[in-house]
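Asker: heads up, no residue letters with this:
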């Protein structure tokens with residue numbers, strides 16, 4: 001069965017706003033692939049960080065559709081043009097979301113702490129000079145600094161703060177971002193992870209990774225801190241040696 005997603009012809013645009021591209025499509029495909037789990041998840045608040053054209057948040061609302069009642073949608077972007085374009089895209093599809101012009105979730109950390117059940121992020125991941133990160137206009141949508149990780153590294157702890165106990169994070173990463181290390185960072189925060197969509201284009205290799213809180217990993221992280229082990233490099237080597245078998249991108253429960 002085919003579920004509706006945002007129609008490109010109804011997606012608004014602006015010269016300074018990132019248009020839907022391969023990474024946007026991969027993220028929406030990941031949400032489509034996980035639709036059954038998302039419906040069973042019964043999210044109350046869904047949030048997109050860096051909404052751009054509004055294609056992803058609009059698609060998420062359409063994917064969940066009328067089967068998921070009472071969901072509130074929220075989206076942020078540092079680019080004011082993107083906020084306006086997202087509003088137009090939502091309206092063109094007969095939808096509504098709260099839109100906030102801010103950097104990631106600045107100003108929302110306390111009011112939304114532990115409340116977000118689903119977060120979607122297509123971050124600025126392109127490796128660039130650090131001085132290009134956070135500039136005005138469309139550059140803010142793709143400039144990721146060294147290894148494309150400058151903005152990603154800021155988003156991870158914010159996601160940890162905002163996500164509810166059952167919260168899920170879907171994030172696009174590029175091979176150059178070292179997604180293995182991203183998963184390790186989230187593991188230290190108590191999250192398990194798995195790849196939902198992997199896609200290669202002529203220019204890049206993309207991974208859409210899903211993160212969720214895992215009780216066993218949380219206990220492991222606390223134990224590690226308590227013991228204050230002196231051999232972190234050995235822990236890293238152990239984890240990386242197992243990575244081909246994808247324990248960090250674990251399937252876990254089928255409902256995850």
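Answerer: Structure received. What you are looking at is a predicted structure, and each value in this text was computed from that prediction instead of being measured.
Asker: Run through the strands of the protein in chain order.
Answerer: With DSSP state E as the criterion, the chain has strands at 45-49, 72-77, 98-101, 116-121, 163-174, 191-200, 205-213.
Asker: Pick the most deeply packed of these.
Answerer: Ranked by mean neighbour count under mean count of other CB atoms under 10 Å, the strands of the chain are led by strand 45-49, which reaches a mean of 25. The way it works is simple: take the backbone N, C-alpha and C, and place the C-beta from them, glycine included.
Asker: that older thread, reformat the strands of the chain as JSON lines; add distance to residue 181 and mean pLDDT.
Answerer: Shown next, in JSON lines, are those (distance: least, CB to CB, whole Å; pLDDT from 0 to 100):
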{"stretch": "strand 45-49", "distance to residue 181": "20", "mean pLDDT": "98"}
{"stretch": "strand 72-77", "distance to residue 181": "25", "mean pLDDT": "98"}
{"stretch": "strand 98-101", "distance to residue 181": "30", "mean pLDDT": "97"}
{"stretch": "strand 116-121", "distance to residue 181": "17", "mean pLDDT": "98"}
{"stretch": "strand 163-174", "distance to residue 181": "10", "mean pLDDT": "97"}
{"stretch": "strand 191-200", "distance to residue 181": "12", "mean pLDDT": "95"}
{"stretch": "strand 205-213", "distance to residue 181": "12", "mean pLDDT": "97"}
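Asker: Format those strands as JSON lines; extra columns: distance to residue 4.
Answerer: Formatted as JSON lines, the strands of the chain follow (distance: least, CB to CB, whole Å):
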{"stretch": "strand 45-49", "distance to residue 4": "16"}
{"stretch": "strand 72-77", "distance to residue 4": "15"}
{"stretch": "strand 98-101", "distance to residue 4": "21"}
{"stretch": "strand 116-121", "distance to residue 4": "17"}
{"stretch": "strand 163-174", "distance to residue 4": "19"}
{"stretch": "strand 191-200", "distance to residue 4": "19"}
{"stretch": "strand 205-213", "distance to residue 4": "20"}
